[in-house]
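Trainee: For reference, the sequence and a predicted model appear below.
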Amino acid sequence: MPSLSRRDLLAATTALIAPPLIRPARAQAPVIRLGVLNDQSGPYSDDGGATSVACVRQAVQEFGDGLKVEVIYADHQNKPDVGAAIARQWLDQDGVDAIIDVPTSSVALAVNQICRDKNKVHLNSGAATTDLTGAQCSPNTVHWTYDTYMLARSTGGAMVKAGGDTWYFITADYTFGQQLQRDTTRVVEASGGKVLGSRAYPFPGTSDFSSLLVQAQSSGAKVLGLANSGADTINCIKQAHEFGLDQSMKIAAMLFYSTNVHALGLELAQGLLLTESFYWDLNPRTRALTERLHPKIGPACPNMVQAGCYAATLHYLKAVAEIGVAAAKADGKAAVARMKAMPTEDDAFGTGRIRADGRKVQPSYLLQAKAPGESKGGWDLLKTVATTPAEDAYRPEREGGCPLVK
């Protein structure tokens, strides 16, 4: 190794002790941080999961407008304590401004209160509980996509009109399942029908429904009402076919998504009625949105929850741009107030509005799973049977008991 000269050493030492070049500090633009909180690995992971995250990112990409936006996500495991802990960390330590999706009604209600307490925004697409726009409504929350009232009115009402006037329920034993059974029971009884019985099961963690199905079959009811969702509904339908129950009872999948129909397959799903506020093949705009999403989600097509994450995010960012990033970060209630003041407009749901109670209203569609021979293949799964207008699809605003409704 060659020796260094005194001049080389002096130059090296001078370089080490020379003061750094000081440049004027640039003010950093404030960042809007979005947290997608949902089931990433359990029975509802196909209902929202990674595709909900992709839909939020699609909305951010499309909005642009110079806003700096970051998206993070986490798995709440369908447990209120886990979801609440994540929400508190996001809002207290990680600078999250809005929490998005949040399926599983018990988790959603916990997050709803935390966002209210900390004056942040809750954009719910995945939960079904009407309490979010009822007694537990919040000025910080928008409930975007659907709820148990909408499902009961559309799917339940259609089943009764078709002659299904006696029901037996298999119900996920937590807020969502209980409310869905309650709301559907009201529809059945108001139409002159009867509920002959029900069985609740522990959620999550149940996969064998055989004993519940045997009891349902022995009840003599014409309709099996499945007050559950996701993998639980798929397992119930598969096992019902194994028992031959579908030969003596009509199956009412009270919350079933297009993604669930694809997972089940049309051979078993054909003829099932379900209600969604979005279907990828509904019109040119829904098809165009789906095409834009394919590079992020592959050949799959989004369901209403996932599309709701896209639309809610897009509308929130419009409100942020209106009031300014600093104001939106400082006051989640103000951001939601601006969302309510602006008409909604997006390729998933078209034109709509957000009511004072936080309920986003749009039409609901009664869809029927096609027979295998009707499908062109792939995700050509459903056909529209009936449409409920936006103002009729949800519980009347003054009947919910929301204190925000004057």
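Mentor: Cool, the structure landed.
Trainee: most centrally placed residue in the chain?
Mentor: residue 126 (2.1 Å; Cα atoms, centre = their mean).
Trainee: Shouldn't that residue be within a strand?
Mentor: No: under DSSP: H, G, I helix; E, B strand; the rest coil, residue 126 sits outside any strand and is assigned coil.
Trainee: Disregarding flanking residues, what is the spatial nearest neighbour of it?
Mentor: With sequence-adjacent residues excluded and distances taken as Cβ to Cβ, 6 or more residues apart in numbering, residue 126 is closest to residue 103, at 2.9 Å. From N, CA and C alone the C-beta is placed, and that goes for glycine too.
Trainee: For that neighbour, grab the count of nearby residues.
Mentor: 27 (other Cβ atoms under 10 Å).
Trainee: before we move on, what about residue 204?
Mentor: Neighbour count of residue 204, defined by other Cβ under 10 Å: 18.
Trainee: Let me know the next secondary structure element after the helix or strand containing residue 318.
Mentor: Per DSSP states H and E, residue 318 falls inside helix 304-323. Sequence-wise, the next helix or strand downstream of helix 304-323 (DSSP H and E) is helix 325-330.
Trainee: neighbouring contacts of that following helix?
Mentor: Applying Cβ atoms under 8 Å, 6 or more residues apart in numbering, the external contacts of helix 325-330 come out as 29-30, 32, 67-68, 97, 319-320, 334-335.
Trainee: would TSV of those with distance to residue 377 be doable?
Mentor: Shown next, in TSV, are the contacts of helix 325-330 (distance: Cβ to Cβ, whole Å):
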residue	distance to residue 377
29	47
30	47
32	40
67	40
68	42
97	42
319	40
320	41
334	48
335	43
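Trainee: where does residue 403 land in three-state SS?
Mentor: coil.
Trainee: hmm, back to that, could I get the contacts of helix 325-330 as a markdown table with neighbour count and distance to residue 199?
Mentor: Putting the contacts of helix 325-330 into a markdown table (neighbours: other Cβ atoms under 10 Å; distance: Cβ to Cβ, whole Å) gives the following:
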| residue | neighbour count | distance to residue 199 |
| --- | --- | --- |
| 29 | 10 | 55 |
| 30 | 16 | 52 |
| 32 | 23 | 45 |
| 67 | 16 | 49 |
| 68 | 12 | 51 |
| 97 | 24 | 42 |
| 319 | 20 | 44 |
| 320 | 25 | 46 |
| 334 | 18 | 46 |
| 335 | 26 | 43 |
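Trainee: Sitting in helices, which of those do you find?
Mentor: With DSSP state H as the criterion, helices contain 319-320, 334-335 from among these.
Trainee: and residue 337, how many neighbours does it have?
Mentor: Residue 337: 16 surrounding residues under other Cβ under 10 Å.
Trainee: what's the following helix or strand after the helix or strand hosting it?
Mentor: Under the criterion of DSSP H and E, residue 337 resides in helix 332-341. Going down the chain from helix 332-341, the next helix or strand is strand 344-346, by DSSP H and E.
Trainee: hmm, who's touching that following strand?
Mentor: 310-311, 314-315, 351-354, 360.
Trainee: Tell me how far the closest residue in space to residue 207 that isn't next to it in sequence lies from residue 377.
Mentor: Once flanking residues are discounted, residue 207 sits nearest to residue 235: 5.8 Å by Cβ to Cβ, 6+ apart. The gap separating residue 235 from residue 377 is 25 Å, by Cβ to Cβ, to the nearest Å.
Trainee: More neighbours: which of the two?
Mentor: Taking other Cβ under 10 Å, residue 235 and residue 377 do not tie; residue 235 has more neighbours (17 against 8).
Trainee: Hmm, that one is touching residue 212, no?
Mentor: No: contact between residue 235 and residue 212 fails when scored by Cβ atoms under 8 Å: they sit 10.9 Å apart.
Trainee: Would you mind giving me the confidence score for residue 256?
Mentor: Residue 256 carries a pLDDT value of 96.
Trainee: What backbone torsions are found at it?
Mentor: Dihedral angles of residue 256 (phi, psi; degrees, to the nearest 10) stand at phi -140, psi 130.
Trainee: Spit out the contact partners of it.
Mentor: 226, 229, 233, 272, 274.
Trainee: and what of residue 112?
Mentor: So residue 112 contacts 122, 124, 132, 136, 138, 140-141 (Cβ under 8 Å, 6+ apart).
Trainee: Would you check which pair of the ones in helices among the contacts of helix 325-330 lies furthest apart?
Mentor: The largest separation in the ones in helices among the contacts of helix 325-330, counting by Cβ to Cβ, is between 320 and 334 at 10.2 Å.
Trainee: Using CSV, write out the CA atom coordinates for stretch 336-345.
Mentor: Taking only C-alpha atoms (Å, rounded to 0.1, in the frame of the first residue of the first chain), the coordinates of stretch 336-345 have been written out as CSV:
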residue,chain,number,x,y,z
VAL,A,336,-66.8,14.7,7.0
ALA,A,337,-69.0,17.8,7.0
ARG,A,338,-67.6,18.8,3.7
MET,A,339,-68.1,15.3,2.3
LYS,A,340,-71.8,15.6,3.3
ALA,A,341,-72.1,19.0,1.7
MET,A,342,-70.8,17.8,-1.7
PRO,A,343,-72.7,15.5,-4.1
THR,A,344,-70.8,12.2,-4.7
GLU,A,345,-69.7,11.2,-8.1
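Trainee: Can you classify the residue lying closest to residue 75 once chain neighbours are set aside as helix, strand or coil?
Mentor: Closest residue to residue 75 apart from its sequence neighbours, by Cβ to Cβ, 6+ apart: residue 40 at 3.7 Å. Secondary structure for residue 40, judged by three-state DSSP, is coil.
Trainee: mind listing what residue 40 touches?
Mentor: 49-50, 73-75.
Trainee: again with residue 79
Mentor: residue 107.
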